[in-house]
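In: Structure of the sequence below:
(one chain, ligands or ions: 3)
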Amino acid sequence: MNSYRSLRIALLGAGSVGSQVARLLLEHGDEFAARVGAPLELVGIGVRDLDAKRDVELPRELLTTDLDTLVASADIVVELLGGIEPARTLLLEALAAGADVVTANKALVAAHGPELFAAAEIVGAQVAYEAAVAGAIPIIRPLEHSLAGDRVIRVMGIVNGTTNFILDRMHTEGSTLEESLAIATELGYAEADPTADIEGFDAASKATILASLAFHTEVPASEVHREGITGVTSDMVAQAERAGRVLKLVAICERLPAGEGQPGGAGDRVSARVHPVSLPATHPLAAVRQAMNAVFVTAEAAGDLMFYGAGAGGPETASAVLGDLVSIARRHVAGGPGTAGSTHAKLPLAPFGEVLARHEIALTVADQPGVLSVIAGLVALHGVSVESVRQDVRDGAATLVLGTHTATEARIADVLAALEQQDDVERIDSVIRLID
Ligand SMILES: NC(=O)c1ccc[n+]([C@@H]2O[C@H](COP(=O)([O-])OP(=O)(O)OC[C@H]3O[C@@H](n4cnc5c(N)ncnc54)[C@H](O)[C@@H]3O)[C@@H](O)[C@H]2O)c1
Ligand SMILES: N[C@@H](CCO)C(=O)O
Ligand code: NA
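Out: Numbering: from 1, shown residues only. Ligands and ions are numbered 1, 2, ... in the order given. This is a model prediction of the structure:
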């Protein structure tokens, strides 16, 4: 090993992920030093309560509740607190002092990434966040570096382990959302506030990050259309199964072509959204079970790429955090400023209403002659064509399941509003987007 001085590492947070990062850093310190060319010295672990019970027993002398002082003493700050504050202020303080930053905090990167990246650029420091999207799966680095010479067309993935775990158990065991969420929380997958998982906020933060990287364009969290899984019922799961399909919560980031005659991507727009979809059971994403994640990337020259692995869990996420840490530490030893991400493409964002999808609409209707043709006519009136109809009559009421051809979200919203007004329609039971 050369004679480079020790690198001082400050760890903020010793929860599910932080305690595993501390453990691995202490257990494998010699290996990391050999990879980096300098020792990585864990100088302190910022916690809220020195006596709290933790997943891992940590050396008492490293624990501190004075996070500001800890940050001021470090070359590299690893933030695993979660939430916006005080994480944002502490990281801005670290960057202002010239330290590099590693974080797994997708909520923070989605909401304040540009602010952190700008602060890093001023001092030539680096912000690394591989763990923020799809946990252990390398996806940030491939989008930022490996695919920087290609044109990404689409990123579609299961990026929230908790909701995948819940939907998987609804399919395989008929469990309720509540009981599966309790298990996911126990296993360390769920966010501190699990509303972030089940309402799709966590996946939407990840969609923001993925879209910004994939399209070299700042995609604000406020522009991501978001729907969670609280509207997914056991009836919807049963109906999907009868049709040989599986329900999943997915994030879709797409580059929407400007249209015929526009050369070389000129006029393209981008869109990012999170919502449940219905997939054929044979689709590769349907095979992503339990809390696993998978991300498909389609790029113009590379074609389809698939990234699969653990998207949540303490040790799994710690792997990505430590990968960032080793990579940043190597740069310290080699010298030179950190690499800044690029958002120079500045592609315009397409409104959600212009996004195209096939939909399946389940309705309870009066079981009377002629109802089907009235409804089909009403749907057609709004410029949406019906591809398939399934009918199921039970106790004098009929369930009608309409599969549409591809239509814009705006047209589908008009169809749903019109169906709600239609006397023969008792209620709209569910609406789900179909993926082939
Ligand atoms: N758990 C996962 O599977 C996973 C996966 C990927 C990313 N992440 C992200 O990693 C981060 C940490 O997640 P986690 O699951 O370890 O959360 P956690 O709730 O288990 O741990 C966070 C810890 O930080 C501490 N903390 C919070 N605010 C503090 C403060 N002001 N001062 C001192 N300590 C404070 C908490 O007491 C807790 O021990 C989050 O940003 C999360 O989104 C988690
Ligand atoms: N709560 C998140 C953790 C990983 O980001 C999930 O369930 O995927
Ligand atoms: Na990752």
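In: how far out from the middle of the chain is stretch 160-170?
Out: Its chain's average C-alpha position is 14 Å from that of stretch 160-170, according to Cα atoms, centre = their mean, to the nearest Å.
In: Next, the contact list for the closest residue in space to residue 12 that isn't next to it in sequence, please.
Out: Spatial nearest neighbour of residue 12, excluding adjacent residues (Cβ to Cβ, 6 or more residues apart in numbering): residue 46 at 4.3 Å. Quick note: C-beta positions are derived from backbone N, CA and C, even for glycine. Taking Cβ atoms under 8 Å, 6 or more residues apart in numbering as the criterion, residue 46 is in contact with 10-13, 64-67, 70-71, 81.
In: go again using 6 Å as the cut-off
Out: 12, 64, 67, 70 (Cβ atoms under 6 Å, 6 or more residues apart in numbering).
In: what are the bridge partners for the residue nearest to the third one when sequence neighbours are not counted, then?
Out: Looking back up the chat, that one is residue 67. Excluding its sequence neighbours, the residue lying closest to residue 67 (Cβ to Cβ, 6+ apart) is residue 46, at 3.9 Å. Here residue 46 sits in beta bridges with residue 12, residue 64, going by DSSP bridges.
In: pLDDT value on residue 46, please?
Out: We have a pLDDT of 98 for residue 46.
In: any idea how far residue 68 is from it?
Out: 9 Å (Cβ to Cβ, to the nearest Å).
In: looking at this, residue 184 is in a helix?
Out: Yes - Residue 184 forms part of a helix when assessed by DSSP: H, G, I helix; E, B strand; the rest coil.
In: Do I have it right that it meets residue 190?
Out: Yes - assessed by Cβ atoms under 6 Å, residue 184 is found in contact with residue 190 at 4.8 Å.
In: Poorly predicted segments of this protein, please.
Out: In the predicted model of the chain, residues 1-3, 259-266, 393-396 satisfy pLDDT under 70.
In: ranges for the helices of it?
Out: 16-27, 29-36, 67-72, 87-96, 106-123, 140-141, 161-173, 177-186, 195-198, 201-215, 234-242, 314-334, 371-381, 409-421 (DSSP state H).
In: Using the record, which stretches count as separate domains in this protein?
Out: 7-135+315-334, 140-310, 352-434 (automatic domain parsing).
In: export the ones you listed to CSV and tack on distance to residue 340?
Out: Listed next are the domains of the chain as CSV, based on distance: least, Cβ to Cβ, whole Å:
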stretch, distance to residue 340
domain 7-135+315-334, 5
domain 140-310, 10
domain 352-434, 30
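In: quick one: which of those is nearest residue 342?
Out: domain 140-310 (5.2 Å; Cβ to Cβ).
In: now the end-to-end length of the closest one.
Out: For domain 140-310, the first-to-last residue distance is 15 Å (Cα to Cα, to the nearest Å).
In: and if you look at stretch 350-362?
Out: Length of stretch 350-362, first residue to last, Cα to Cα: 28 Å.
In: tell me which residues of it are tucked away?
Out: 350, 352, 355, 357-362 (16 or more other Cβ atoms under 10 Å).
In: Stretch 409-425 too?
Out: Quick answer for stretch 409-425 (16+ other Cβ under 10 Å): 409, 411-412, 414-416, 419, 424-425.
In: Give me the contacts around that stretch.
Out: Here stretch 409-425 makes contact (Cβ under 6 Å, 6+ apart) with 352-353, 355, 359, 363, 365-366, 371, 378-379, 382-384.
In: quick one: which of those is nearest to residue 300?
Out: residue 355 (20.2 Å).
In: Is any residue of stretch 43-62 near ligand 1?
Out: Yes - applying Cβ under 6 Å from any ligand atom, one finds stretch 43-62 in contact with ligand 1 at 46-48.
In: What residues does the stretch 51-200 of the chain have near ligand 3?
Out: 130, 134, 137, 139 (Cβ under 5 Å from the ion).
In: ok, residues contacting stretch 269-287?
Out: Contacts to stretch 269-287, defined as Cβ under 6 Å, 6+ apart, come from residues 200, 203-204, 207, 211, 215, 217, 219, 224-227, 229, 232, 240, 244-256, 347-350, 355, 432-435.
In: Mark which of these are part of strands, please.
Out: Those of those mapping onto strands are 225-226, 245-256, 432-434, per DSSP state E.
In: Out of those, which end up buried?
Out: Buried members of those, counted by 16+ other Cβ under 10 Å: 225-226, 245-256, 432-434.
In: residues from the stretch 101-250 of the chain in reach of ligand 2?
Out: Counting by Cβ under 6 Å from any ligand atom, the stretch 101-250 of the chain comes close to ligand 2 at 135, 160-162, 189-191, 197, 202.
In: Dump those residues to JSON lines, plus distance to residue 147.
Out: Below are these laid out as JSON lines (distance: Cβ to Cβ, whole Å):
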{"residue": "135", "distance to residue 147": "20"}
{"residue": "160", "distance to residue 147": "23"}
{"residue": "161", "distance to residue 147": "24"}
{"residue": "162", "distance to residue 147": "28"}
{"residue": "189", "distance to residue 147": "28"}
{"residue": "190", "distance to residue 147": "31"}
{"residue": "191", "distance to residue 147": "28"}
{"residue": "197", "distance to residue 147": "28"}
{"residue": "202", "distance to residue 147": "24"}
